[in-house]
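*Asks:* Generate coordinates for the sequence data below:
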Amino acid sequence: MNGLFITIEGPDGAGKTSILKELFPLLKKVAKTEMIQTREPGGIPIAEEIRQVILDPKNERMDERTEALLYAAARRQHLVEKILPALKEGNIVLCDRFVDSSLAYQGAGRRIGMREIARLNEFATEGLTPDFTLYLDVDSDTGLHRIQKNRQNQIDRLDSEGLEFHQRVRHAYLKLAEEYPERIHKIDARLSFEEVLQASYYAIIEKYPQFFEN
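*Replies:* You can find the predicted model right below:
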């Protein structure tokens with residue numbers, strides 16, 4: 001597989017979506033091959049429908065293992081339908097969240113266990129791992145404050161979890177960043193938007209000069 005698979009991760013309130021909106025066109029301008037942007041859960045019709053079920057605040061009775069299985073199911077379909085074909089064509093894929101999110105949110109946040117979630121997703125992805133991951137780090141208090149301030153009527157099931165849940169998620173991300181320093185590049189998301197955007201951009205193009213003009 002000759003393409004490049006880049007993911008962007010972070011706890012709620014880290015600003016991933018806003019950064020991605022500006023980062024993708026900047027990278028596309030200097031990419032030496034085709035580049036696509038996608039997200040999880042979602043990216044294709046089946047996975048987007050599963051996303052609605054997972055995040056709908058009305059589904060408060062959803063069991064945590066059901067939630068984990070739905071994420072894995074959406075991921076599998078997204079992978080075979082969109083990500084793998086693009087990578088096989090030698091393209092660059094920039095994806096908002098991947099397996100690291102499940103490890104952090106379901107493994108640690110829901111207390112299912114990161115090892116158990118890793119095994120589930122090993123089956124779903126057949127072992128595919130991103131080449132590079134940007135991790136936007138923000139403390140849980142700041143993240144929740146941003147959610148309450150900026151999202152208002154767009155709060156989903158995970159956003160509405162309490163502080164301890166989000167702290168477990170962040171600690172799991174930090175653990176992953178320590179375990180995989182060659183893959184996961186941490187950026188302080190408390191910095192200004194422009195600083196985070198610039199750090200994200202240069203982290204990618206400097207690491208992969210074969211894919212991007214510098």
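
*Asks:* how about the lengthiest helix in the chain as PDB, C-alpha atoms only?
*Replies:* Longest helix in the chain by number of residues (criterion: DSSP state H): helix 163-179. Coordinates of each C-alpha in helix 163-179 appear next as PDB, following Å, rounded to 0.1, in the frame of the first residue of the first chain:
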ATOM      1  CA  LEU A 163     -15.600  15.600  34.100                       C
ATOM      2  CA  GLU A 164     -14.200  12.300  35.300                       C
ATOM      3  CA  PHE A 165     -15.100  10.600  32.100                       C
ATOM      4  CA  HIS A 166     -13.300  13.200  30.000                       C
ATOM      5  CA  GLN A 167     -10.300  13.000  32.300                       C
ATOM      6  CA  ARG A 168     -10.000   9.300  31.800                       C
ATOM      7  CA  VAL A 169     -10.200   9.900  28.000                       C
ATOM      8  CA  ARG A 170      -7.400  12.400  28.100                       C
ATOM      9  CA  HIS A 171      -5.200  10.300  30.300                       C
ATOM     10  CA  ALA A 172      -5.600   7.400  27.800                       C
ATOM     11  CA  TYR A 173      -4.600   9.600  24.900                       C
ATOM     12  CA  LEU A 174      -1.500  10.800  26.800                       C
ATOM     13  CA  LYS A 175      -0.600   7.100  27.500                       C
ATOM     14  CA  LEU A 176      -0.900   6.300  23.800                       C
ATOM     15  CA  ALA A 177       1.300   9.300  22.900                       C
ATOM     16  CA  GLU A 178       3.900   8.000  25.300                       C
ATOM     17  CA  GLU A 179       3.700   4.500  24.000                       C
END
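
*Asks:* What are the contacting residues of it?
*Replies:* Residues outside helix 163-179 that contact it (Cβ atoms under 8 Å, 6 or more residues apart in numbering): 9-12, 100, 103-105, 107-109, 111, 114, 135, 137-141, 143-144, 184, 186. Just so you know, the C-beta spots here come from the backbone N, C-alpha and C atoms, and that holds for glycine as well.

*Asks:* and the helix or strand just after that helix with helix 163-179, angle?
*Replies:* Per DSSP states H and E, the first helix or strand lying C-terminal to helix 163-179 is strand 184-188. Going by axes from the mean of the first three to the mean of the last three Cα atoms, to 10 degrees, strand 184-188 is angled at 130 degrees with respect to helix 163-179.

*Asks:* Who are the packing partners of strand 184-188?
*Replies:* If you count contacts as 3 or more Cβ pairs under 8 Å, 6 or more residues apart in numbering; DSSP states H and E, strand 184-188 packs onto strand 132-137, helix 163-179, helix 193-207.

*Asks:* could you flag which of the contacts of helix 163-179 are buried?
*Replies:* 9-12, 100, 103-105, 107-109, 114, 135, 137-140, 143-144, 184, 186 (16 or more other Cβ atoms under 10 Å).

*Asks:* hmm, back to that, just the ones of the contacts of helix 163-179 in strands?
*Replies:* Per DSSP state E, strands hold the following members of the contacts of helix 163-179: Glu9, Tyr135, Asp137, Ile184, Lys186.
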